[in-house]
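S.K.: next input, structure requested:
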Amino acid sequence: MAMDQGLTDDLRAHLETLDGVVEQRMFGGVGFMWQGNLLCGVMGDELLVRVGKAAGESLIGEEGAHPMTMGGRSSRGWILVPMETRDRATRIATWVDRAVGHVETLPPK
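M.R.: Numbering: from 1, shown residues only. Now for the predicted structure:
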């Protein structure tokens with residue numbers, strides 16, 4: 001599935017306010033690194049966020065969120081969220097804030 005360029009542009013615009021974010025192509029999409037850790041990204045037409053296993057388990061199902069599956073393995077600490085165009089900026093802000101909350105607890109790399 002091709003990466004949603006509109007979602008990528010919207011995510012990139014949202015992340016402009018967060019110092020030290022580095023964009024990197026990965027997983028057939030794009031990832032955004034913060035403090036040396038992968039924070040979020042775009043896979044196909046979904047937003048990828050790193051929320052940690054405990055939070056991920058409680059967030060599965062919210063707004064269609066589901067575990068990221070790669071190579072037949074799924075991770076509840078990494079979740080994918082479908083991103084429709086309706087209220088996209090608000091939804092990006094909500095989910096990225098959750099990812100920032102988790103990643104800021106991790107040691108910088």
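S.K.: distance of the closest residue to Gly36 other than its chain neighbours relative to Phe27?
M.R.: Leaving aside its chain neighbours, Gly36 sits nearest to Lys109 (3.0 Å; criterion: Cβ to Cβ, 6 or more residues apart in numbering). From N, CA and C alone the C-beta is placed, and that goes for glycine too. Applying Cβ to Cβ, to the nearest Å, the value for Lys109 to Phe27 is 18 Å.
S.K.: okay, those two: which has more neighbours?
M.R.: Phe27 (15 against 8; other Cβ atoms under 10 Å).
S.K.: what score does that one have for pLDDT?
M.R.: Looking at Phe27, its pLDDT stands at 74.
S.K.: pretty sure it contacts Val42?
M.R.: No. The pair Phe27 / Val42 is not scored as a contact, 9.2 Å apart, by Cβ atoms under 8 Å.
S.K.: who's in contact with the residue nearest to Gly36?
M.R.: 35-37 (Cβ atoms under 8 Å, 6 or more residues apart in numbering).
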